[in-house]
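>>> no sequence on hand, only this structure:
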């Protein structure tokens with residue numbers, strides 16, 4: 001069973017559907033979360049998107065499409081977007097938070 005050193009759930013499978021613009025994550029604790037790509041891209045945690053103020057904000061991006069996903073150690077993933085944006089590292093706990101936000105939830 002894949003779990004981080006802190007015992008928190010880790011992704012065991014991440015898949016993106018470019019047609020529906022949905023990302024699906026299956027977690028080590030059995031939970032499955034779904035995200036609209038526009039929500040994931042809009043809540044990108046990188047400094048370019050969020051600035052350095054410490055406050056998070058949603059950044060509107062026209063029709064973002066996920067290209068690739070890379071693991072970052074055992075704590076985060078990096079989403080690489082078709083537009084070339086790739087600097088956001090989404091911690092596992094941040095991804096779990098995002099699943100409940102209206103911009104990410106499937107309608």
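Happy to help now that I have it. Remember, predicted model here, so these are calculated numbers, not experimental data. Numbers count the residues shown, from 1 in each chain.

>>> give me the three-state assignment for residue 96.
helix (DSSP: H, G, I helix; E, B strand; the rest coil).

>>> can you list the buried residues in the lowest-mean-pLDDT helix or strand in the chain?
The helix or strand of the chain with the poorest confidence is helix 47-50; it has a mean of 93 (mean pLDDT, DSSP states H and E). By 16 or more other CB atoms under 10 Å, the buried positions in helix 47-50 come out as 49-50. C-beta coordinates here come from the backbone N, C-alpha and C atoms, glycine included.

>>> also stretch 69-88?
Applying a neighbour-count criterion of 16+ other CB under 10 Å, one finds 69, 75-77, 79, 81, 85, 88 buried in stretch 69-88.

>>> now, which of those lie within strands?
Among these, the members falling in strands are 69, 76-77, 79, 81 (criterion: DSSP state E).

>>> doesn't residue 22 make contact with residue 14?
No: applying CB atoms under 8 Å, one finds residue 14 not in contact with residue 22, separated by 11.6 Å.

>>> how far away is residue 44 from residue 70?
Distance, residue 44 to residue 70, using CB to CB, to the nearest Å: 14 Å.

>>> so where's the protein shaky on pLDDT?
1-6 (pLDDT under 70).

>>> now the helices for it?
37-42, 47-50, 92-98 (DSSP state H).

>>> minimum distance to residue 26: which of those has it?
Nearest of the helices of the chain to residue 26, taken as CB to CB: helix 92-98 at 12.0 Å.

>>> what does that closest one rub up against?
Identification of contacts with helix 92-98 by CB atoms under 8 Å, 6 or more residues apart in numbering yields 4, 8-11, 25, 27, 33, 35, 39-40, 43, 45, 75-77, 90, 104.

>>> and what of stretch 44-52?
Outside stretch 44-52, the residues that touch it by CB under 8 Å, 6+ apart are 56-57, 59, 79, 85, 87-91, 94.

>>> what is the burial count for residue 42?
Residue 42: 19 surrounding residues under other CB atoms under 10 Å.
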